[in-house]
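Asker: Here is my input; please provide its structure:
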Amino acid sequence: MDQAQRAEVSSTRKLKKKKRGADRPVVFFDFSLLFVILFLLVFGLIMIYSTSFYLADLKLGKPDYYFKKQAISCAIGLVGMFVTANFDYHRYDKLSGYIYWIAFAMCVLVCIPGIGIEFNGSRRWLGYGPLTFQPSEIAKIACLIFVASVVCKMPKKINNFSKVVRTIGMVFPIFGMVAYTNLSNALIIMIISVFIIFTASKKYIQFFAAAGVIGVAGAILIMVESYRAERIDAWLHPETATKGFQVLQSLYAVGSGGLFGKGLGQSVQKLGYVPEAQNDMIFSIICEELGLFGAIAVILLFVLMIWRFVVIANNAQDLFGSLLVVGVMGHIATQVILNIAVVTNTIPNTGVSLPFISYGGTSVIFLLAEMGIVLNVSKGIQLEDKDEA
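Answerer: Okay, here's the model as predicted:
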């Protein structure tokens, strides 16, 4: 067989192979989003150790105590992300009601004295022995799935104000249970729900009325508990308010970081000045140790994550998948904005953690489960084969 014949046979084989694969869609998987998730997890573990090792060693004699606990939670969360990334998200549509009421039952149990576990004056946990979790974190993902399922069943009717009110009303039982012990997470649940409905609706004026109702309800809930009113006072007058110490120290940390920070592990404010710095106020330590450069880098990573959510939602296989991603996007964006706003004293202290970075086992486990759902939706996106174009 001469060279010309060999070339003709090779060309024929390539053509047959191309025809065989002509009907096979090119499966998409968002590796960019996966990279951002893993980077934030690793960065979060580094910052948790840097932020907590001094006080953990002082109080518990174990400088890596918080780091190890968070690392275990991250490992469990990654397993959960793998499971949800390979679990057909369409099944959530049928299970949405069960998921919602299971989460509601857990939130009810938290409110019962003797069953709900109290810590630092707040009863927000369930558990047995050393194992504890926050049902409010489960409630977030449950409401996300439930509202997406409800809206999917009436995509055109959701433009009616009565349907919007009815859908929001469906969330109120779990909202009320969570608000009784944790107003900030309850508001996040409501924001996620409204965000999904807002995205699916073509009429926006009705949401101004809904926002007004939610605002009035939030103001009433704030005034019901005295500690919430004290947070308002600490926000307005951090120098003189009795509860303004944490906010004031956080501002000192943010301001002292400068452009490039004092260096990783060199924070002064984490040495007992910022209480529980590894939790909600960890962004202030990031600003102190890594400076404005580090703070902007973290914000840009979250912006990149949200951009990937937008891409996946716009190209999702169906409306349900798109709304699931929109709900996760609303969740992440809300928590990031609220956390940074609290650290910079732009809004009153809400007790909202920074996703993937703040210390919190239940939070990171269910955040990663949500990421698995988004990645699962991304796998349904079909791309055109460039070789056939």
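Asker: okay, now the residue nearest to Gly360 when sequence neighbours are not counted: neighbour count?
Answerer: Once flanking residues are discounted, Gly360 sits nearest to Ser353: 5.3 Å by C-beta to C-beta, 6 or more residues apart in numbering. All C-beta atoms are positioned from the backbone trio N, CA, C, and that covers glycine. With neighbours defined by other C-beta atoms under 10 Å, the count for Ser353 comes to 24.
Asker: Contacts only, for Ser353.
Answerer: By C-beta atoms under 8 Å, 6 or more residues apart in numbering, the residues touching Ser353 are Asn279, Asp280, Gln335, Asn339, Tyr359, Gly360, Ser363.
Asker: ok, now with 6 Å
Answerer: Asp280, Gly360, Ser363 (C-beta atoms under 6 Å, 6 or more residues apart in numbering).
Asker: Same list (those residues) but as JSON lines, adding distance to Phe31 and pLDDT.
Answerer: Formatted as JSON lines, the contacts of Ser353 follow (distance: C-beta to C-beta, whole Å; pLDDT from 0 to 100):
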{"residue": "Asp280", "distance to Phe31": "31", "pLDDT": "90"}
{"residue": "Gly360", "distance to Phe31": "27", "pLDDT": "90"}
{"residue": "Ser363", "distance to Phe31": "24", "pLDDT": "93"}
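Asker: and of the residues you listed, the nearest to Thr346?
Answerer: Closest approach between the contacts of Ser353 and Thr346, by C-beta to C-beta: Asp280, at 14.1 Å.
Asker: could you pull out the strands for the protein?
Answerer: Along the chain, counting by DSSP state E, strands occupy 26-27, 117-119, 122-128, 131-133, 382-383.
Asker: Of all these, which one comes closest to Ile192?
Answerer: strand 122-128 (18.3 Å).
Asker: Mind listing what's buried along that closest one?
Answerer: With burial defined by 16 or more other C-beta atoms under 10 Å, the residues of strand 122-128 counted as buried are Arg123, Arg124, Trp125, Leu126.
Asker: Strand partners (parallel or antiparallel) of that strand?
Answerer: Its sheet considered, strand 122-128 pairs with strand 117-119 (antiparallel), strand 131-133 (antiparallel) by DSSP bridges.
Asker: re earlier: biggest separation within the buried residues of strand 122-128, which pair?
Answerer: Among the buried residues of strand 122-128, Arg123 and Leu126 lie farthest apart (C-beta to C-beta), at 9.8 Å.
Asker: per-residue confidence at Tyr98?
Answerer: Tyr98 carries a pLDDT value of 95.
Asker: again, but for Arg166
Answerer: pLDDT, Arg166: 87.
Asker: cool, and Asp30?
Answerer: As summarised for this prediction, Asp30 has a pLDDT of 89.
Asker: Tell me how many other residues surround it.
Answerer: As a burial measure, Asp30 scores 19 neighbours (other C-beta under 10 Å).
Asker: so what's it closest to, chain neighbours aside?
Answerer: Using C-beta to C-beta, 6+ apart and skipping the chain neighbours, the partner closest in space to Asp30 is Ser378 (4.3 Å).
Asker: Test my guess that Glu289 contacts Ser267.
Answerer: Yes. Using C-beta atoms under 6 Å, Glu289 is in contact with Ser267, at 5.0 Å.
Asker: Nearest residue to the middle of this protein?
Answerer: What sits nearest the mean C-alpha location of the chain, by C-alpha atoms, centre = their mean, is Ile332, with 3.7 Å.
Asker: before we move on, the earlier item: for Ala148, which of the strands of the chain is the nearest?
Answerer: Of all those, strand 382-383 comes closest under C-beta to C-beta, at 21.2 Å.
Asker: any idea of the mean pLDDT in that closest one?
Answerer: For strand 382-383, the per-residue pLDDT averages 70.
Asker: Now the closest residue to Lys270 other than its chain neighbours: phi and psi?
Answerer: Among residues not flanking Lys270 along the chain, Ala277 sits closest, at 4.6 Å (C-beta to C-beta, 6+ apart). The phi/psi pair for Ala277 (degrees, to the nearest 10) reads phi -60, psi -20.
Asker: how near is Ala277 to Tyr252?
Answerer: For Ala277, the distance to Tyr252 (C-beta to C-beta, to the nearest Å) stands at 12 Å.
Asker: Looking at these two now, which is surrounded by more residues?
Answerer: More neighbours surround Ala277 than the other of Ala277 and Tyr252, with 31 against 16 (other C-beta under 10 Å).
Asker: wait, what's in contact with that one?
Answerer: By C-beta under 6 Å, 6+ apart, Ala277 lies in contact with Thr51, Lys270, Ile285.
Asker: repeat for Lys379
Answerer: Taking C-beta under 6 Å, 6+ apart, we find Lys379 in contact with Phe29.
Asker: can you list the contacts of Ala277 in JSON lines and add pLDDT and distance to Thr132?
Answerer: Listed next are the contacts of Ala277 as JSON lines, based on pLDDT from 0 to 100; distance: C-beta to C-beta, whole Å:
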{"residue": "Thr51", "pLDDT": "95", "distance to Thr132": "21"}
{"residue": "Lys270", "pLDDT": "91", "distance to Thr132": "24"}
{"residue": "Ile285", "pLDDT": "96", "distance to Thr132": "25"}
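Asker: So which of these wins on neighbours?
Answerer: When the contacts of Ala277 are compared by neighbour count (other C-beta under 10 Å), Thr51 ends up highest, at 31 neighbours.
Asker: Is that one in contact with Gln278, as I believe?
Answerer: Yes. Using C-beta under 6 Å, Thr51 and Gln278 qualify as a contacting pair, with a distance of 4.5 Å.
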